[in-house]
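1. Need a 3D model of the sequence below.
(one chain, ligands or ions: 1)
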Amino acid sequence: MKIKKIAILICCSFLLGTGNLLAQHAVQMKEQYRPQFHFSPQKNWMNDPNGMVYSNGVYHLFFQYNPYSSVWGPMHWGHATSKDLIHWQQQPIAIYPDSLGTIFSGSAVADKNNTSGFGKNGQVPLVAMFTQHDTVGEKAGKNDFQNQSIAYSLDEGKTWIKYAGNPVIKNPGVKDFRDPKVMWFEPQKKWVMVLAARDIVSFYSSPDLKNWTKESDFGKDLGAHGGGWECPDLIQLDYNDNKTGKLNHRWVLIVNLNPGAPNGGSGTQYFIGNFDGKTFTTDQKDTRWMDYGPDNYAGVTWSNTGKRKILIGWMTNWLYANQVPTEKWRNAMTIPRELRLKQVGESVFLTSKPVAELAAIQSKPVSVANGSTKITLPCRLDISMNTNNDFSLDLSNDANEKLVIGYDKNSNQYFIDRSASGKVDFNKDFAAKHWAPRLTNNAGMNLTILVDKSSVEVFADDGLTVMTSVFFSTTPYKFIHLQENEKNTFPKLKYTQVKSIW
Ligand code: FRU
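-> A predicted model of the protein is given here:
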């Protein structure tokens, strides 16, 4: 009898315990600024997305993580997984620092041919390559404190075994030498890796992910050099050539830059060109930006997704990432974006659009006839206009705070103005109006706008001009007003409620 009672008691307290945990989790993920359809860590600091690889129906997202506090610190690889790029589950920390240093940014691949020899019993090894940052060396004033290491996983990314021969690429004496992004180069059946080295990138190749040979450097006199080059990526994309009507392809080199972005601080530039397995070449003369807003950084693509290329970025800016008013957790990722190429006149541009999987959490779109309506965040807004006139879309609350998205015909630029968006005084650079060029002359404009609790992502002209911006309104925005300013009319507007993923 006694034993039965004790058993019931244990059962009850266990159930209560898990119930509490679940309730706690639900509360945690509903805090004031917590994104409802973007990934953010339950607690503590997050920066760059790392090691993204698709394996056996699961998208892995590792990330720069400080488990000890909500500001940047000793870097580990945090881990989250998703089956649809939208619903994320945070997993235990994947890679921990060791005697070679903390774990900075890098990438991961599925080594299907077991070139590394790490595979066992037919299990395809996931192999991660990352920078080890030796804080002791850094403090001692050395130049060679960033080296490249590898680790492998035979249990779908849960646990990682570091390679005994680390580091696999030793620092040649370049202070900033980091963020290896690895890809399989099928024409020559070898691995290719691109690495940031101060304000250029270097290409390496390898037969087995362990032995690397330097092939070339790129970028000395090209692109923007207002700061350090970081987190590069190299992808190949197809597009339809307008002139010949034929399927063509181009290589795209993505280079993150901090500082020196068009709207200040961190940003992502890209180069369209060719790659022959050793050298990247381009005849692009202008500097191109993947996202003109202030808050999309360190974005790179998933590996092992075939021809489909999906990028996710860190949705903030090094200017204020450590100070945004969220406290317990800091910083979220952008919506995953599908990258494509689009020809405009003689030039080929990179476009980004939210992944189609987002549809799974969207309710039925509602047409807004007179430009104004009440909204509940999170939501998606779609604007279409058959003119190229000035317009502005205000998101506002009862506290007189507003965020304005619009287009200025005179300068042919889109903008996001967050000067009066809510809390802005935690950093002097935060309150600002940010600008982005319109890149097509098409008559008429279309914009898709994703609004979460503390972020807005604007995809204009089918993803040719993109702007991402975070904001911290003191109460949630609950009204929108869209207006074509010259004609005093209301362009077509659709409002779609988006469901929370938590
Ligand atoms: C980019 C970056 C990377 C580095 C990591 C450190 O945001 O500076 O270059 O590996 O963050 O956390």
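
2. how about the residues of the chain near the ligand?
-> Taking C-beta under 6 Å from any ligand atom, the part of the chain that reaches the ligand is made up of 47-48, 64, 75, 104-105, 131, 178-179, 230-231, 298. For glycine as for every other residue, the C-beta is placed from the backbone atoms N, C-alpha and C.

3. Reformat these as a markdown table; add secondary structure and pLDDT.
-> Output for those, formatted as a markdown table (DSSP: H, G, I helix; E, B strand; the rest coil; pLDDT from 0 to 100):
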| residue | secondary structure | pLDDT |
| --- | --- | --- |
| N47 | strand | 98 |
| D48 | strand | 98 |
| Q64 | strand | 99 |
| M75 | coil | 98 |
| F104 | strand | 99 |
| S105 | strand | 99 |
| T131 | strand | 99 |
| R178 | strand | 98 |
| D179 | strand | 99 |
| E230 | strand | 98 |
| C231 | strand | 99 |
| A298 | strand | 98 |
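
4. Can you tell me the element T496 falls in?
-> strand 492-497 (DSSP states H and E).

5. what packs against that strand?
-> Helices and strands touching strand 492-497, by 3 or more C-beta pairs under 8 Å, 6 or more residues apart in numbering; DSSP states H and E, are strand 366-367, strand 379-385, strand 479-484.

6. Reformat those strands as JSON lines; add distance to D462, mean pLDDT and mean neighbour count.
-> JSON lines is the format used below for those (distance: least, C-beta to C-beta, whole Å; pLDDT from 0 to 100; neighbours: other C-beta atoms under 10 Å):
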{"stretch": "strand 366-367", "distance to D462": "21", "mean pLDDT": "98", "mean neighbour count": "11"}
{"stretch": "strand 379-385", "distance to D462": "11", "mean pLDDT": "97", "mean neighbour count": "20"}
{"stretch": "strand 479-484", "distance to D462": "19", "mean pLDDT": "97", "mean neighbour count": "19"}
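
7. what's the neighbour count on K409?
-> The tally of other residues near K409 (other C-beta atoms under 10 Å) stands at 14.

8. ok, the residue lying closest to it once chain neighbours are set aside - how many residues close by?
-> Take K409 and drop its neighbours on the chain: the residue closest to it by C-beta to C-beta, 6 or more residues apart in numbering is D390, 5.1 Å away. Residues within reach of D390, counting by other C-beta under 10 Å, total 15.

9. With Q91 instead?
-> For Q91, the number of neighbouring residues by other C-beta under 10 Å comes to 15.

10. Is L358 in a helix, a strand, or coil?
-> Assigned state for L358: helix (three-state reduction, DSSP: H, G, I helix; E, B strand; the rest coil).

11. residue contacts, it?
-> When contacts are counted by C-beta atoms under 8 Å, 6 or more residues apart in numbering, L358 is found next to 37, 86, 335, 380, 450, 498.

12. Quick check: pLDDT value at E346.
-> The predicted local confidence for E346 comes out at a pLDDT of 87.

13. My error: substitute G19 in the last question.
-> With respect to pLDDT, G19 has a value of 40.

14. List the buried residues for stretch 245-252?
-> Neighbour-count burial for stretch 245-252, counted by 16 or more other C-beta atoms under 10 Å, picks out 250-252.

15. Repeat that for stretch 456-474.
-> Burial within stretch 456-474, assessed by neighbour count using 16+ other C-beta under 10 Å, is assigned to 456-473.

16. Keeping just the C-alphas, turn stretch 486-495 into CSV.
-> Coordinates of each C-alpha in stretch 486-495 appear next as CSV, following Å, rounded to 0.1, in the frame of the first residue of the first chain:
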residue,chain,number,x,y,z
GLU,A,486,1.2,61.8,-54.5
LYS,A,487,-2.2,60.5,-55.5
ASN,A,488,-3.6,60.1,-52.1
THR,A,489,-4.9,56.7,-53.0
PHE,A,490,-4.5,53.2,-51.4
PRO,A,491,-2.5,50.6,-53.3
LYS,A,492,-3.4,47.0,-53.2
LEU,A,493,-2.6,45.6,-49.8
LYS,A,494,-3.0,42.1,-48.4
TYR,A,495,-2.7,41.3,-44.7
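
17. If anything else comes up later, I'll come back, but that's it for now.
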